[in-house]
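> prediction below, plus the sequence it came from.
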Amino acid sequence: METREKPGPEAGPTEEGEGERPVAPVRRRARTAALIAAAAALGIVAGGCVGYVVQAGRVPTKLPPLSQPVLRQGKGAVPVLTAAEDRQVRTDGDLRKLLLPKPRGARGSVLAEGTDGWLDLAGYAGDFQDPAAAFQNQLVDEFRRAAVTSWQADGGYDIEIRLVQYRQETKMAAHEEADHEQYWASIEPDTEDLSVPGTGDGMAYTHHRPQAEAGHRSSYLGEAIASRGGILMEIWVYGSKPVPMKTVMDLAKRQVGRL
């Protein structure tokens with residue numbers, strides 16, 4: 001069984017092009033927010049004092065009448081989204097139901113992870129090169145939950161799909177994570193990439209050079225990464241021969257359609 005490790009979130013591009021991503025950037029953002037809030041509070045107090053002094057020196061003026069023109073009520077029914085049309089209703093439900101279903105008769109994959117379709121934070125962080133740093137970064141990114149499925153497709157390809165959901169109360173974490181993973185995928189040598197239709201940031205990749213790790217057989221990889229709202233979509237296709245872009249793109253388009 002192959003051990004798959006993704007580049008950890010502790011390293012990546014910065015504004016200067018090189019460097020490390022801070023493990024807990026939320027602390028710096030919180031301090032900046034506190035300074036902005038304090039400045040705003042001082043501005044309100046100062047503005048209120050000046051306004052009071054100016055108003056106190058003015059001659060009182062007669063108030064306008066309180067009556068207002070009658071507003072006409074709009075006609076027609078107010079459109080209400082059904083549960084099927086409301087994306088938030090779907091994504092707040094059972095996230096596993098949004099995963100692509102396994103093809104009928106598909107065999108089990110060596111990539112199988114999680115329990116009953118769920119992958120906890122420790123299991124998710126365990127696939128990074130630095131699990132401890134990844135765990136902490138995912139906490140900062142407001143990791144909520146992750147659903148996972150896998151199977152072995154015709155041709156001997158092993159497929160795994162994950163939907164990772166973030167709370168996104170302070171940041172657009174799903175989009176940031178997608179951008180970060182796409183950076184690492186794009187710098188692999190001999191890589192072909194295409195944008196995934198129907199997404200704003202989705203990309204599909206096929207790596208034409210086999211990836212090898214000590215103690216494991218070499219394998220080829222195809223992957224797709226995208227975000228939709230607070231959900232990060234990750235797709236991996238492994239095989240002993242190059243993965244066709246058509247295979248990766250078909251999976252990506254169908255999975256995005258379910259979101």
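That came through, no problem. Predicted, not measured: the structure shown is a model, and the values here were computed from it.
> so where's the protein shaky on pLDDT?
1-57, 67-68, 71, 73-74, 76-91, 213-217 (pLDDT under 70).
> and the helices in it, which stretches?
26-56, 87-91, 121-125, 131-140, 173-186, 245-258 (DSSP state H).
> any chance you could list what contacts the fifth one?
Okay, so that is helix 173-186. Residues outside helix 173-186 that contact it (Cβ atoms under 8 Å, 6 or more residues apart in numbering) are 6-7, 9, 12-13, 21, 141-142, 164-168, 191, 193, 201-203, 205, 207, 223, 225-234. Quick note: C-beta positions are derived from backbone N, CA and C, even for glycine.
> switch to 7 Å and redo it
Applying Cβ atoms under 7 Å, 6 or more residues apart in numbering, the set of residues contacting helix 173-186 from outside is 7, 9, 12-13, 141-142, 166, 168, 193, 201, 203, 205, 223, 225-227, 229-232.
> cool, and the last one?
Applying Cβ under 7 Å, 6+ apart, the set of residues contacting helix 245-258 from outside is 98, 100, 157, 159, 161, 192, 194, 196-199, 202, 204, 206, 222-224, 226, 228, 233, 235, 237.
> can I get the buried part of these as one PyMOL selection?
This is the PyMOL syntax for the buried subset of the contacts of helix 245-258, where burial follows 16 or more other Cβ atoms under 10 Å:
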select buried, resi 98+100+157+159+161+196+199+202+204+206+222+223+224+226+228+233+235+237
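> if you skip the residues just before and after it, what's nearest to residue 230?
residue 168 (4.4 Å; Cβ to Cβ, 6 or more residues apart in numbering).
> any idea how far the one you found is from residue 176?
10 Å (Cβ to Cβ, to the nearest Å).
> also residue 170?
11 Å.
> tally of neighbours for residue 168?
17 (other Cβ atoms under 10 Å).
> phi and psi next, for it.
Backbone torsions for residue 168, taken as degrees, to the nearest 10, come to phi 60, psi 50.
> for residue 183, see how far away it is.
20 Å.
> now residue 117
Residue 117 sits 29 Å away from residue 183, going by Cβ to Cβ.
> now do the contacts for the nearest residue to residue 219 once chain neighbours are set aside.
Nearest non-adjacent residue to residue 219, counting by Cβ to Cβ, 6+ apart: residue 238, 5.0 Å away. Neighbour list for residue 238: 157-158, 219, 221 [criterion: Cβ under 7 Å, 6+ apart].
> ok, so of those, who is nearest residue 148?
residue 158 (13.1 Å; Cβ to Cβ).
> identify the bridge partners of the closest one.
Taking DSSP bridges as the rule, residue 158 bridges to residue 152, residue 238.
> isn't it up against residue 152?
Yes - between residue 158 and residue 152 there is a contact at 5.4 Å, judged by Cβ atoms under 7 Å.
> quick revisit: of the contacts of helix 245-258, which belong to strands?
Those of those mapping onto strands are 159, 161, 192, 194, 204, 206, 222-224, 226, 228, 233, 235, 237, per DSSP state E.
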